[in-house]
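J.: build me a structure from this.
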Amino acid sequence: MKILSIQSAVAYGHVGNSAAVFPLQRIGVEVLPVYTVNFSNHTGYGAWRGPLISPDDVREVILGIEERGAFPEIDVVLSGYQGSEGIADVILDTVQRVKQANPSAVYSCDPVMGNAKSGCFVAPAIPILLRDRVVPAADIITPNQFELGFLTDTQPDTLETTLASVELIRATGPRTVLVTSVERPDAPDETIEMLAVDDSGAWIVRTPHIPMKANGSGDVTAALFTAHYRGTGDLAYALACTTSSVFDLLERTHASGQRELQLVESQEAYASPRMQFDVTRVA
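T.: Predicted structure coming up:
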């Protein structure tokens, strides 16, 4: 499998491509990383150095990949945080050209815009752009529950309302939806869930909630889920593998006391998931 991953990059720590590439490589996926920024560290520190890469320069890198004849071999275009409207144009154009070269290729979009605790943390134009142009072009999306609500103008807070919101977004284009950070009042305390839906049905998995903020964990989740799902077509299996790997990554990171993901130290969790959580069909 080959994935063209268009995301940010940092030298210190793990977000964007700096979070997604190694886990994908560790499960045997060939990754073509294209950077949209090249920062010293993620912006959560409040200070960082390095350049934003202009949409024209990103386009040039992708054109060079196309000129090497790589597009017919690309199975997935993957994108995450989109810092500008111009980058979205480049990504959508790339998706179209990759699919022309390989009609079986898919586009997986993590529509990053915020979370329930922080609200939206992207430029005001980005959520609207994602909702109106980017998400409808995607085959797979991986929003958290908060982002799903914005995309559908709903407030999913139960299993039933979350499933209803998923069906609303699936009607706009993407047939496969992974919802992360699912919370509902009837779930046990100190737990959190992920919900996955495609044409075959809906599946949910519950894990203990690890009390930490882990920048980059969503990027790892989107990458691993996309790869497992694209590789097998089995939604429940992809959900189980991803949940197992990401939980063990977060547990190791929390135990380390470090702020940054223990990405390399957790590599066996990607290569050999323990499959320790039950995945339950809910629709």
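J.: contacts only, for the residue most central in space within the chain.
T.: Centroid-nearest residue in the chain, with C-alpha atoms, centre = their mean: A222, separated by 2.7 Å. Taking C-beta atoms under 8 Å, 6 or more residues apart in numbering as the criterion, A222 is in contact with A20, L78, G80, S108, D110, T142, L178. Any C-beta I mention is one placed from the backbone N, CA and C, and that applies to glycine too.
J.: mind checking pLDDT for the fourth one?
T.: So that's S108. Per-residue pLDDT puts S108 at 98.
J.: all helices of the stretch 151-283 of the chain, in order?
T.: Assigned by DSSP state H, counting those that start in this stretch, the helices in the stretch 151-283 of the chain fall at 159-170, 217-232, 235-256, 267-271.
J.: which residues sit against the longest one?
T.: By that I understand helix 235-256. Taking C-beta under 8 Å, 6+ apart as the criterion, the residues outside helix 235-256 that touch it are 23, 176, 178, 194, 196-198, 200-201, 203, 205, 207-208, 210-212, 214, 217, 220-221, 224-225, 228-229, 232, 260-263, 265-266, 269-270, 273-277, 279, 281.
J.: before we move on, the earlier item: now, which of the contacts of A222 lie within helices?
T.: Secondary structure assignment (DSSP state H) places A20 from these within helices.
J.: out of the contacts of A222, which end up buried?
T.: Those of the contacts of A222 that meet the buried threshold are A20, L78, G80, S108, D110, T142, L178, by 16 or more other C-beta atoms under 10 Å.
J.: distance of R252 from A223?
T.: Note on R252: its distance to A223, by C-beta to C-beta, to the nearest Å, is 18 Å.
J.: looking at those two, which one has more neighbours?
T.: The neighbour count for R252 versus A223, taken as other C-beta atoms under 10 Å, is higher for A223 (31 against 16).
J.: surely the more buried one meets L24?
T.: Yes. The criterion here is C-beta atoms under 8 Å, and A223 meets it with L24 at 5.3 Å.
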